[in-house]
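Engineer: below are the sequence and a predicted model; questions follow.
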Amino acid sequence: MGEIIRLEHVSKKFGGLVAVDDFSGEIETGSIVGLIGPNGAGKTTLFNMMSCTYPPTSGKIFYKGVDVTKARTDTMAARGLARTFQVTKPFGDMTVVENFMVGAFLHTKDRATARKQAEEIYDYIGMSCGRDKPANETTTVDRKKLEIGRALATKPELLLLDEVMAGCNPQEKLELVETCRKIQKCGITLVVIEHDIKTIMTLCEKIVILHRGAKLTEGTPEQVANDPRAISAYLGEDYHAGC
Amino acid sequence: MLDSVLLALIYGILQGGAYGAIALGLSVIFGVTRVTNFAHGAMLMLSTFLYYELFTRFGIDPYIGILLVTPVLYLLGMATQKFLITPLLKKERGTTQDPASLLLITLGLGYAISNLFMMIYGSDYKTIPTAASRSYLTVEIGDFLFTTQWSRVIAFLAAFIIGFALWFIINKTELGKKIRAVSQNRDAAAICGVDVYKTYAVAFGLGIAAVAVAGACLSEYYFVQPQVGTLFGTKSFLIVVLGGLGSIPGAILGGLIFGIVESVGAQFITSSASSMLTFILFMIMLFIRPSGLLGKGGKV
Amino acid sequence: MNTKEHSNFFQGKVFAILGLLILLIVPNFVDTNVQIVFILILFYALCASCWNIVCGFVGELSLGHAVFLGVGAYISSLLLMDCSLSPWIGMFIAAAITAVFGVIVGLPCFRLHGPYFALTTIALGELIRIFVENNETVFGINLRGAMGLVLKQSGNQFIAFEFANKITYYYVLVALVAVTILVTWLIKNSKLGFYLTAIKSDPDAAESLGIKLTKYKLIAMGISCFLISFAGTFYAQYFRYVGPSRIFSHDMSVQIALIALVGGQGTVFGPLMGACLLVPITEFLSEEFGGTLPGLHLFIYGIVMILVVLYMPRGIFHPVTKLFKSIEAKLFSFGKKSVQKGEK
């Protein structure tokens, strides 16, 4: 299959703070990868660089073999990379379906086509709040789904999900895990940032642990769970015991 | 030629100090509350009319009048924050932010105040013939002769006095500690028990009190007229952006640069063209470094 | 079913249709002084609608839009005076140039946000005003400085955009406003409108969805400037005079913005509604008190601005339509009841 995105020695400094320190790695096309690490480990910074919100201080990023280190966010969306935001950013004045339409307009100019695609997405990700509900009146879980749906509407090949399950109850988390699996089955590569270890262990095929900006370890959920460095640095003793 | 440029430079510095004095309050208000007070010029104008009334009715010199007018304007500033801006801030929390509303409400207030005075006083130009405006400072070095009103010199010095007073209040007092806390992080300050909205009101009041002091100095040599506010208000904005919104030394520095550019520029091109120069300077500054000469970096 | 849909179409629109009919027909039957007020209403509605296309949708506050009005007025007038070109053609050339000018100006300005954007537009407005007031000729073009441009009487020729009676001017304006409102409606319901609303609501999220922020802002700017230039041409032809200190003034810019804001940013009919409310008040006040209380109408503007921001931050459009709908529901309630009975 090959890799969809590759990072080579990527670092990001904000003033004196090193947010990401010499990170290298790649993501297989069609896989579902979890990115975990304590707060401030540099997960979102890594996402921001992958989606070209800002360029890395040093290092290079290749998307589908093309150097996109200095590309712009909007061109990345056109190339097939979509993302969600940790703090949800709904277009509050629009309805749910209109939010999806904004995404769908990336590939069409026609309003009716965009509307049709948006409604398909609404059904696809299983929202129940009502198509024409104003986006800023939706619940937390619907906002998370709204973020995912809007990103999906741009027909991405790679989807970056930044803590979409945070703030959701166990039932809702299960729903979102199902949604993620469904998305992966459509051939979309997923990278997921999540704090809930159990969820991410069941969802992902590969897990990367970030610690203080650097990659601590990576591997399958079992490998990571048994890696002593990971256990001591992040998972903690009780996780091992709990298993 | 050289002499005239040198003279222009001195006049420019003196006028620039006055600009700085006026702009200081605006900068402090923005630094603390993040409100760009478009009513600043109108409040300056309002203060000059109070001095005018005090002088014509009771013969009180504006310099003395400061003692009476500043508290009034302080209260006006507090009231503006309390009744116009705080309700907006409270309403906007949580819902979608619309920063334009803060801008609009002060713009509306400025319009209302300046046109209220237009209705009362008409558009005639008035002057306050005080002692300071009629006594002159003369410096003579060889052929070089320089004369100016004492009131202009005082206005120049006032910039530094007001600047220092504001700096002292903000950095050296218990009240200033609250103001700094609120300006850095309003939520964190609120958690620590600081009454955020009250502190905002105090900061707004301080900024307007500062402009009242500057107004006294200005009224000693400049016209008193309802539209004076718009003129100085716009200039104050250009000055604080140039110097760095929120920075006290930045406001004075920006004022001095403006004064010099206007005055020296007028020696080489027409005076109206030199005021265009200040606008161009401002726009270039915004595009290169929006945080201003002495402002802290940050997103705009 | 069909009849129900039919009645739904007119439901809640009775007042709107009534209002539009008043705007269309009444000016025919009133005296010239009232016609002048109607003309001013539509003139400001036109300007505010143009302002709304860029600022209302994008959410930035331009306080220098009079610049583009003025540029349009100047270009078409100069073409008429110096090249004897009919304003009917000149207005399109002026519109094209103004649109290009707007895009060039917008390119750096749209990098700024909030107060910085507003301040830059104010500075730009003042800059252009001072420039025009103080330059007799620029690049060989005779701008006539602070004197402004005085258009000669052509003897009421249609080709010269000069008409014998006010009502003809009025219907020219009706056409211009109709076009602008139609354009606004088309934008609102197209990709561009969705993109602009998205940008206004959250630029970061918009960008992540592949929206080129600057591109779409500039398209809106171009359209807005193109259309407001027509208003400029109309202004010049109607008053037969373009004075830089009025047309480029800060007051003019604020008035345009205020009318749109009071009406309702980002709505199709809001600016028209804002103009219908504010312009008659202003005209009445300056007529009655202009001599004794100068500045009264601007004072009222200031107060209105404060009240709108405090109590109707999204403008009067939505509250007013709601009010009309409820009045209508009461007025025609017996008709509705019979429908409900029929359904049961």
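Structural biologist: Okay, I see it. Numbers count the residues shown, from 1 in each chain, chains lettered A, B, ... in the order given.

Engineer: okay, CA-based contacts and neighbour counts for the rest of this
Structural biologist: Will do.

Engineer: low-scoring stretches of the chain, by residue?
Structural biologist: You didn't pick a chain, so chain A it is. Filtered on pLDDT under 70, chain A yields the residue ranges A:1, A:233-243.

Engineer: not quite, go with chain C.
Structural biologist: Those would be C:1-12, C:156, C:290, C:333-344, if you go by pLDDT under 70 across chain C.

Engineer: 80 instead, please
Structural biologist: Where chain C drops to pLDDT under 80, the residues are C:1-16, C:27-28, C:84, C:135-146, C:152-164, C:286-295, C:328-329, C:331-344.

Engineer: chain A contacts on that one?
Structural biologist: C:189-191, C:194-195, C:197-198, C:201-202, C:205, C:207-212 (Cα under 8 Å from any Cα of the partner chain).

Engineer: what's the most distant pair in those residues?
Structural biologist: Using Cα to Cα, the two most remote members of those are C:Asn189 and C:Ser208, lying 21.7 Å apart.

Engineer: quick one on the thing from earlier: looking at the residues of chain C next to chain A, which are in strands?
Structural biologist: Per DSSP state E, strands hold no members of these.

Engineer: between C:Asn189 and C:Ser208, which has more neighbouring residues?
Structural biologist: Shown here are C:Asn189 and C:Ser208; by other Cα atoms under 10 Å in any protein chain shown, C:Ser208 has more neighbours (27 against 12).

Engineer: wait, that one touches A:Ala82, no?
Structural biologist: Yes - the pair C:Ser208 / A:Ala82 is scored as a contact, 6.7 Å apart, by Cα atoms under 8 Å.

Engineer: quick check: neighbours shared by those two?
Structural biologist: The contact sets of C:Ser208 and A:Ala82 overlap at A:Ser51, A:Met76 (Cα atoms under 8 Å, 6 or more residues apart in numbering or on different chains).

Engineer: which stretches of the chain form strands?
Structural biologist: Because you didn't say which chain, this covers chain A. Counting by DSSP E, residue ranges of the strands within chain A are A:3-14, A:17-28, A:32-36, A:58-63, A:66-67, A:81-83, A:158-162, A:189-193, A:206-211, A:214-219.

Engineer: right idea, wrong chain: chain C
Structural biologist: Here chain C has its strands, by DSSP E, at C:137-138, C:141-142, C:149-150, C:241-242.

Engineer: to B:Ser263, which of these lies closest?
Structural biologist: Among these, the nearest to B:Ser263 by Cα to Cα is strand C:137-138 (24.5 Å).

Engineer: and that closest one, how far out from the chain middle?
Structural biologist: The chain centroid and the centroid of strand C:137-138 are separated by 29 Å under Cα atoms, centre = their mean, to the nearest Å.

Engineer: anything in stretch C:38-48 sitting right up against chain B?
Structural biologist: No - figure legend: stretch C:38-48 not in contact with chain B (Cα under 8 Å from any Cα); closest approach 15.8 Å.

Engineer: so what touches that stretch?
Structural biologist: Under the contact criterion Cα under 8 Å, 6+ apart, stretch C:38-48 has outside partners C:23, C:27, C:69, C:169-170, C:173-174, C:176-177, C:180, C:228, C:231, C:256-257, C:259-260, C:271-276, C:279-280.

Engineer: if we can go back for a sec, turn the strands of chain A into a markdown table, including distance to chain C.
Structural biologist: Putting these into a markdown table (distance: least, Cα to the nearest Cα, whole Å) gives the following:
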| stretch | distance to chain C |
| --- | --- |
| strand A:3-14 | 17 |
| strand A:17-28 | 20 |
| strand A:32-36 | 20 |
| strand A:58-63 | 16 |
| strand A:66-67 | 18 |
| strand A:81-83 | 7 |
| strand A:158-162 | 11 |
| strand A:189-193 | 16 |
| strand A:206-211 | 24 |
| strand A:214-219 | 25 |
